[in-house]
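>>> only geometry, no sequence info:
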């Protein structure tokens, strides 16, 4: 009999198109290079037949066995399980509009509440702009892998490679949801790998300054005329969070700003890894926040849009400011993260502290609950040391590239 590890680790041997792994009483897992599918083999009126029970791991081993047992009971009652399934699907299609757009909207209503409002809105707009016009009116059960490939290739022709990849991903999520609700037999997107039909993804390198040019940047930031943008760039340099995490910051995310352990608690909904992120704040970062408080007060967003104060400043605000200061093509908002990572390693701080502060780790829910606050006190000292180093670079009391190692960092 199969086990979960066997199912999880099963692979199609090189040179073969598929292999069957038997469980018990006719249940087996069919493994191909592209997918793993459950089937139940049985005989009806003297003829051997098989019933599709779903795709692994969406349908796990226990669920597949339960589906097999239900089908056996149908067979014992004198009904062909395949015919019974087809009848259920026909009834489901008769009870609801089964076009791709109708099913996708039902999927979206199920999926979106667990996402950030910004991400959910982005996916909705991408579906309406790129996916629905091509396959939205087609019955979902009739859409083929070839149609999905054509959809992605058409988007790629606009030089929108990332959108083409994401469109395949979103369509696949809709089909998986439909399979789980017995609206379709299979997910044609599972047969399509983006790398097989789209151009290779180009590695994205964010422009960033070498450390020797950072003092000039810090002095120009200090002299920048736009108060909100100047303070945003200063806080980004001190905390090296992602641009979206910075401009979306709310005052209620900050704690103990008048104490000795100031903290920025970024909620999971605003984080790339979807887990809460803690940013210990240096005294310099707290000073920036007090300056912001003096300008606008302590409520709502830290960095509001120029025209609509209910929305955050634009993603491009910091980039445009860097361009105005003479750093076009040399530095981006993301570049502050690269500079901090490189220099903190040079200063002797442990890699795990830096990676935690950059929120780089891929974390499951269990690991996240344990790790998100790991080394918090150590990271607090690291963030203060980083802020002090930026001050020294800006003031010219330390030459760029002349790093004093933090010998006590690992103690």
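Arrived safely. Keep in mind the model is a prediction, meaning the values are calculated, not measured.

>>> separation between the spatially most central residue of the chain and residue 358?
Among the residues of the chain, the one closest to the centroid is residue 272, at 5.3 Å (C-alpha atoms, centre = their mean). The gap separating residue 272 from residue 358 is 11 Å, by C-beta to C-beta, to the nearest Å. Every residue, glycine included, has its C-beta placed from N, CA and C.

>>> Next: residue 115.
Distance from residue 115 to residue 358, by C-beta to C-beta: 23 Å.

>>> One more: residue 130?
According to C-beta to C-beta, residue 130 stands 32 Å off from residue 358.

>>> if you count what's nearby, which of these two comes out ahead?
residue 130 (21 against 17; other C-beta atoms under 10 Å).

>>> which stretch of helix or strand covers residue 55?
Using DSSP states H and E, the element containing residue 55 is strand 47-56.

>>> Show me the contact partners of stretch 221-241.
With contacts defined as C-beta atoms under 8 Å, 6 or more residues apart in numbering, stretch 221-241 is touched by 218, 243, 246-247, 264, 266, 277, 279, 281-282, 284-285, 288-289, 291-292, 295, 302-304, 313, 317-318, 321-322, 325, 333, 336-337, 339-341, 357-359, 383, 386-387, 390, 394.

>>> ranges for the helices of the stretch 201-350 of the chain?
Using DSSP state H, counting those that start in this stretch, the helices of the stretch 201-350 of the chain run over 214-223, 227-239, 243-247, 283-296, 316-324, 335-346.

>>> Distance check, residue 389 against residue 339.
Distance, residue 389 to residue 339, by C-beta to C-beta: 11 Å.

>>> actually residue 36, not the one I typed
Applying C-beta to C-beta to residue 36 and residue 339 gives a distance of 44 Å.

>>> now swap in residue 227 and tell me
24 Å.

>>> Now do the phi/psi pair for residue 40.
phi -120, psi 120 (degrees, to the nearest 10).

>>> pLDDT score for it?
Looking at residue 40, its pLDDT is 96.

>>> How many residues are close by it?
Residues within reach of residue 40, counting by other C-beta under 10 Å, total 25.

>>> what sits against it?
Neighbour list for residue 40: 26-28, 50-51, 53, 67-68, 71, 81 [criterion: C-beta under 8 Å, 6+ apart].

>>> Which of these fall in helices?
67-68, 71, 81 (DSSP state H).

>>> Which strands or helices does whichever strand or helix holds residue 384 pack on?
Residue 384 belongs to helix 376-395 when assigned by DSSP H and E. Packing contacts for helix 376-395, counted by 3 or more C-beta pairs under 8 Å, 6 or more residues apart in numbering; DSSP states H and E, involve helix 214-223, helix 227-239, strand 277-280, helix 283-296, helix 335-346, helix 351-358.

>>> Which helix or strand in this structure has the lowest average pLDDT?
Least confident helix or strand, the chain: helix 365-371 with a mean of 47, by mean pLDDT, DSSP states H and E.

>>> Tell me which helix or strand comes right after the host helix or strand of residue 110.
If you go by DSSP H and E, residue 110 is part of helix 100-111. Next along the chain after helix 100-111, taking DSSP H and E as the criterion, comes helix 117-126.
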